[in-house]
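J.: When you get a sec, could you give me coordinates for this:
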Amino acid sequence: MPKKPTPPPDRSGLRRQFAAALKTDWSRLARQNQLPPPGDWRIWLLLAGRGFGKTRTIVEFVRAEVEAGRACRIALLAATASDCRDVLVTGHSGILNVFPEPSRPIYEPTKRLLSWKNGAIATMYSADEPDRLRGPQFDLAICDELAAWRYPEALDMLLLGLRIGKNPRVAIATTPRPTKVIRDLLAREGRDVAVTRGSTLDNRQNLAPAYVEQIIERYKGTRLERQEIHGEVLEDTPGALWNRDTLEQTRVEAAPKDLQRIVVAIDPAGSSEEGADETGIVVAGIGQDGHAYVLEDISGRYDPTGWARRALGAFHVWKADRIVCETNYGGEMVRATIEAVDPTVPVKPITSSRGKVLRAEPIAAFFEQRKAHIVGSLPELEDQACRFTADWTRSRDGSPDRVDAMVFALSDLMLGLPAGGFFKEAMFLNDSQPVVLTRRPLAVFAVLGTPHDTQPGSDSVAVLYLAKSSRPDAALTILDWSIATHETALLRGAWLEDVARNLGGWAAATQTTSAGIWLERSTPAGGALAELGVAHRLQIMDATDALKQLPVTLPERVALAAKYIGTGALVRIGAEAHAKAVTFRGLTRN
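T.: Below you'll find the model as predicted:
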């Protein structure tokens, strides 16, 4: 029986594999500036605008090294653990989508591992945890958005672990910012660092037309067009209130553990629509050294419930004292929104009668005086600060939301009226000479500045112990002072009894009779204290009437303003009170 002819081999499967290989052949698909640079380099720094294809470029670098058998132990490093997972591993241009099916690794998310059939292993790391990079060693690494890392020292930890294999290398992709770590790498260009530069427009054919139009329109005509689109590293804006050198010199790796106060500041945006301003949310604290520390920037584009939850989350994580916001724009809305989510959190609106630049100038001065510090790295806040000039306009430059929130926080911590709002720290620290009481006064008395409400988080309560001379035209002398953080327990009477005891001590020391305690009955807290004082049989007088007897015309609410000090005729400061003010590092703000 004749044999049947042998059918020709079915090559359709091979053709499909070949066609698929052509579609994933990066050497054919990539632009020239997406391929590894020639030469003997250890660090490949890819500086390019948004949408350039940076992530795809460094992931394809991993693919080429793994498939060629040149990589065995790989580190994947991004700003946060979620960024590493969502961008470098599972993202559209991540490893699981870039590697074709036959060579795709096994992903074990709980172990932070990716494993290939040829034995190569990649481990995921977060730049927020640089110490995790102590110990492991690698022959290849890729880093995403280095300029956005909160702790750039994670790169140093990585490079110390890049020590196995014949030619250990790292590829770094980032939108350029003139941060110290980027400038340090650029200074090494041509030695162990190779630099590739690129623009968003290089990848225009692979981007949605609407995206290209949107990003060009957003940054057109601004300095950020050069940074965010064309990938240039910009120097400081001339005339900016902050500059990179100052921020670097004042930067600290960690804040003191014994911060006196911590606040969360909010600058709400009018909308959460795409392209709208962001809501500024910044956390800051003040240390025992009197220095301010900017701890976190979680600004972003949120709806009201979203930013309220983010701010409240920061409030609880940092164990903050209160949330502050500006009354001029959205203050009551912030209070209402926060209270709707968590009514137990104190919210303090602060009032500003000056423009943004005038308000920011003293805060910038604190940085210049090395009294304010950024903890770690807050790239977007720093970028905005280093662009904030005296001629900033919202129409041209957008809203300085992050800077505004930082200014609110540091203003509450380092400026403003101290407790009770009736004297400023400056009145104790000016050039006037402190005096020593040389004759027995007619009377000594305590004046209390009371908060407007009795809720936790309201203004603190302050006391001035004053001496009045028998001469009608003589100055008042500030003998002592104290400040107490307002708590509901304060209104239970124990603190008021302490004031009475201190007042009695001064009466005995000056050999005179106490005139009693004067406070503002007109405030809810003042009224409650007055009732407690009467119940404890203390001599309580209403400050509004009593102060009419003094040889000075005082503004509203028991205000002993700084202008009265140093005139030699109205108010003087005693030596003991002056010494206490100079060394005081406690709560001195509203």
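
J.: helices and strands around the helix or strand where R197 lies, which ones?
T.: Taking DSSP states H and E as the definition, R197 sits inside strand 193-198. Identification of packing neighbours for strand 193-198 by 3 or more CB pairs under 8 Å, 6 or more residues apart in numbering; DSSP states H and E yields strand 43-48, helix 180-187. C-beta here means a position set from N, CA and C on the backbone, and glycine is covered the same way.

J.: Please tabulate the ones you listed in a markdown table, including the columns mean pLDDT and distance to W518.
T.: Compiled in a markdown table, the helices and strands packed on strand 193-198 are given as follows (pLDDT from 0 to 100; distance: least, CB to CB, whole Å):
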| stretch | mean pLDDT | distance to W518 |
| --- | --- | --- |
| strand 43-48 | 93 | 65 |
| helix 180-187 | 88 | 55 |
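
J.: For the ones you listed, state which one has the densest average packing.
T.: strand 43-48 (a mean of 24; mean count of other CB atoms under 10 Å).

J.: for that one, packing partners?
T.: By 3+ CB pairs under 8 Å, 6+ apart, strand 43-48 packs against helix 54-67, strand 169-174, helix 180-187, strand 193-198.

J.: What strands flank that strand, and is each parallel or antiparallel?
T.: strand 169-174 (parallel), strand 193-198 (parallel) (DSSP bridges).

J.: for the ones you listed, which one sits closest to N502?
T.: With CB to CB as the criterion, N502 lies closest to strand 169-174 of the strands paired with strand 43-48, at 59.0 Å.

J.: Just the C-alpha atoms of the strand holding R197, please, in CSV.
T.: Extracted as CSV, the C-alpha positions of strand 193-198 are listed here (Å, rounded to 0.1, in the frame of the first residue of the first chain):
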residue,chain,number,x,y,z
VAL,A,193,28.4,58.3,35.8
ALA,A,194,26.8,58.3,32.3
VAL,A,195,24.0,60.7,31.7
THR,A,196,21.1,60.5,29.2
ARG,A,197,18.8,63.4,28.8
GLY,A,198,15.4,63.4,27.1
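
J.: Which is the succeeding secondary structure element to it?
T.: Helices and strands here follow DSSP H and E; after strand 193-198, the next one along the chain is helix 209-219.

J.: coming back round to it: most packed of the strands paired with strand 43-48?
T.: strand 169-174 (a mean of 24).

J.: Now do the strand holding R197 against helix 180-187, angle only.
T.: On the basis of axes from the mean of the first three to the mean of the last three CA atoms, to 10 degrees, strand 193-198 is oriented at 110 degrees to helix 180-187.

J.: So for strand 193-198, mean pLDDT?
T.: Strand 193-198 shows a mean pLDDT of 92 in the predicted model.

J.: again with stretch 232-241
T.: pLDDT averaged over stretch 232-241 gives 72.

J.: For that stretch, measure first residue to last.
T.: End-to-end distance for stretch 232-241, by CA to CA, to the nearest Å: 22 Å.

J.: Which residues lie in contact with R310 in this structure?
T.: I281, I298, G300, Y302 (CB atoms under 8 Å, 6 or more residues apart in numbering).

J.: do I74 as well
T.: For I74, the contact set (CB under 8 Å, 6+ apart) comprises V62, V66, A120, I121, A122, T123, F138, D139, L140, A141, I142.

J.: how does it look with 7 Å?
T.: Listed by CB atoms under 7 Å, 6 or more residues apart in numbering, the contact set of I74 reads V62, A120, I121, A122, F138, L140, A141.

J.: Can you tell me which of the residues you listed has the most neighbours?
T.: Sorting these by how many neighbours each has (other CB atoms under 10 Å) puts A141 first, at 28 neighbours.

J.: So that one belongs to a strand, correct?
T.: Yes. Counting by DSSP: H, G, I helix; E, B strand; the rest coil, A141 falls inside a strand.

J.: Contacts only, for P105.
T.: I95, F99, L114, S115, W116.

J.: I'd like the distance between it and G53.
T.: Separation of P105 from G53 (CB to CB, to the nearest Å): 21 Å.

J.: got CSV for the helices and strands packed on strand 193-198, with distance to L476 too?
T.: Below are the helices and strands packed on strand 193-198 laid out as CSV (distance: least, CB to CB, whole Å):
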stretch, distance to L476
strand 43-48, 64
helix 180-187, 52
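
J.: so which of the ones you listed gets nearest V407?
T.: Comparing these against V407 with CB to CB, the closest turns out to be helix 180-187 (23.5 Å).
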